[in-house]
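Any chance you could fold what I've pasted below:
(chains A, B, C and D)
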There are 4 protein chains.
Amino acid sequence: MKLDNFLHDHPTTPRSKDEKQAVINRLKRIEGQVRGIQKMVEEDRYCVDILVQLSAINAALKKVGFSVTERHIKHCVSDAIKSGEGNETIEELMEVMKQFSK
Amino acid sequence: MKLDNFLHDHPTTPRSKDEKQAVINRLKRIEGQVRGIQKMVEEDRYCVDILVQLSAINAALKKVGFSVTERHIKHCVSDAIKSGEGNETIEELMEVMKQFSK
Amino acid sequence: MKLDNFLHDHPTTPRSKDEKQAVINRLKRIEGQVRGIQKMVEEDRYCVDILVQLSAINAALKKVGFSVTERHIKHCVSDAIKSGEGNETIEELMEVMKQFSK
Amino acid sequence: MKLDNFLHDHPTTPRSKDEKQAVINRLKRIEGQVRGIQKMVEEDRYCVDILVQLSAINAALKKVGFSVTERHIKHCVSDAIKSGEGNETIEELMEVMKQFSK
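Numbering: from 1, shown residues only, chains lettered A, B, ... in the order given. Here you go, the predicted structure:
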């Protein structure tokens, strides 16, 4: 399965306002961290210091990814399984997990 | 070795204006990608679509990390090795590589 | 959730003889690759050559992991979801995926 | 740079008997872990239990990889840098680190 065509345009259960806000808040923090590294480069800060900050962003992005994945399984994947159409959704999930773990 | 205290505050050879700009340009693109995902969440886009974009950011951040690492080895680590003080610098490098690969 | 106590001792649907054999065959190949690296070390082969082989084993192990995960979702997780008890199983799955992606 | 042709056949400083034995001992332990998982599959053990063991092997392989990398930098890469021929060796190192981090 290729990930060039998704099974849906939206989650099968829409995200609530609070759910959206929680993810957006995390992404705003990550955006700030990325800007912080730009400043570090401008100030010509030590390479290892920059690498530690890049690692922190990677860890934060992974956390967002896992939380999006968990919600996806609890809603979209679960809904598909309950209606007897789990296989395609599970294969799509595996594909994106492989890509995400690279 | 713990990474709470770096061996230097700056690279042993300062980054040129062009070198700085190249890294900052990549980080600006990543910043834009992070903002793009915020928009996707607001529009309640499909989880797998969001995960693919998160994977793309992770890959872009890794590329920045590898380019910072390569420059670090070509300058700071090489300078330390040439002056017979490589070991501590290499151990610091290994520590940050372990952190980065998590 | 800590992974010190699993929800089950066995898959909810037992693995068939063929399923078992397919995983075991892959693991036997990996075992052979690990022995191959021991030989490379004995022959004092070049570090980068050894690292490429270690990467190949890592990739092969990940493939086994993804195939075990896919089967787990298609059976154990799906069964739990169908009987309305998905949440705990999904949280266990997320926990092991986080560990696996380190 | 492609990794189809290595810069050397052997480390620039041969591994001592003790160095070899230390790596081989770790690999023998990993080999045993891989056999252990084969047994788990034969006994049809729970998927998550197997995944935790696969993660442990991955972590152990990474440790071997980092120790081989550290020795490589402390000898082969350092020797090349000292004789003014660091660049090619550093690029080879970066290539294998990228592959290893996948």
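
So which residues of chain A form helices?
A:17-42, A:47-72, A:78-82, A:86-100 (DSSP state H).

Now do the same contact list for the residue of chain A found nearest chain D.
Nearest residue of chain A to chain D (Cβ to the nearest Cβ) works out as residue A:102 at 5.5 Å. Where you see a C-beta, it was placed from the backbone N, CA and C, and this is true even at glycine. For residue A:102, the contacting residues are B:55, B:58-59, D:102, taking Cβ atoms under 8 Å, 6 or more residues apart in numbering or on different chains as the criterion.

at 6 Å what do you get?
Taking Cβ atoms under 6 Å, 6 or more residues apart in numbering or on different chains, we find residue A:102 in contact with residue D:102.

Now that we're looking at the residue lying closest to residue A:29 once chain neighbours are set aside, what pLDDT does it have?
In space, residue A:29 comes closest to residue A:60 once its chain neighbours are excluded; the distance is 7.0 Å by Cβ to Cβ, 6 or more residues apart in numbering or on different chains. Model confidence at residue A:60, given as pLDDT, is 97.

do the one 3 residues further on as well
Residue A:63 is assigned a pLDDT of 97 by the prediction.

ditto for residue A:101
In this prediction, residue A:101 has a pLDDT value of 88.

The residue lying closest to residue A:71 once chain neighbours are set aside - how many residues pack around it?
Spatially, and ignoring its direct neighbours in sequence, residue A:71 is nearest to residue B:47 (6.6 Å; Cβ to Cβ, 6+ apart). Here the number of neighbours of residue B:47 (other Cβ atoms under 10 Å in any protein chain shown) works out to 27.

Do I have it right that residue B:47 meets residue A:69?
No: under the criterion of Cβ atoms under 6 Å, residue B:47 makes no contact with residue A:69, lying 7.3 Å away.

ok, the residue nearest to the spatial centre of chain A - contacts?
Centroid check for chain A by Cα atoms, centre = their mean gives residue A:65 as the closest residue, at 2.6 Å. Listed by Cβ under 6 Å, 6+ apart, the contact set of residue A:65 reads A:100, B:54.

start to end distance for stretch A:39-57?
Between the opening and closing residues of stretch A:39-57 we find a distance of 15 Å, counting by Cα to Cα, to the nearest Å.

which bits of chain A sit near chain C?
A:66, A:70, A:73-74, A:78, A:81, A:86, A:90, A:94, A:101 (Cβ under 6 Å from any Cβ of the partner chain).

ok, 8 Å please
Listed as neighbours of chain C in chain A under the rule Cβ under 8 Å from any Cβ of the partner chain: A:62, A:66, A:69-70, A:73-74, A:77-78, A:81-82, A:86-87, A:90-91, A:93-94, A:97-98, A:100-101.

Return only those of those found close to chain B.
When Cβ under 8 Å from any Cβ is applied, the members of the residues of chain A next to chain C adjacent to chain B are A:62, A:69, A:93, A:100.

Relative to chain B, which of the residues you listed is nearest.
Here the nearest of those to chain B, counting by Cβ to the nearest Cβ, is residue A:100; it sits at 4.8 Å.

Now for that closest one: which residues touch it?
Residues near residue A:100 by Cβ under 8 Å, 6+ apart: A:65, A:69, B:51, B:54-55, B:58, C:101.

One more: residue A:96?
Shown in contact with residue A:96 (Cβ under 8 Å, 6+ apart): A:3, A:69, B:48, B:51-52, B:55.
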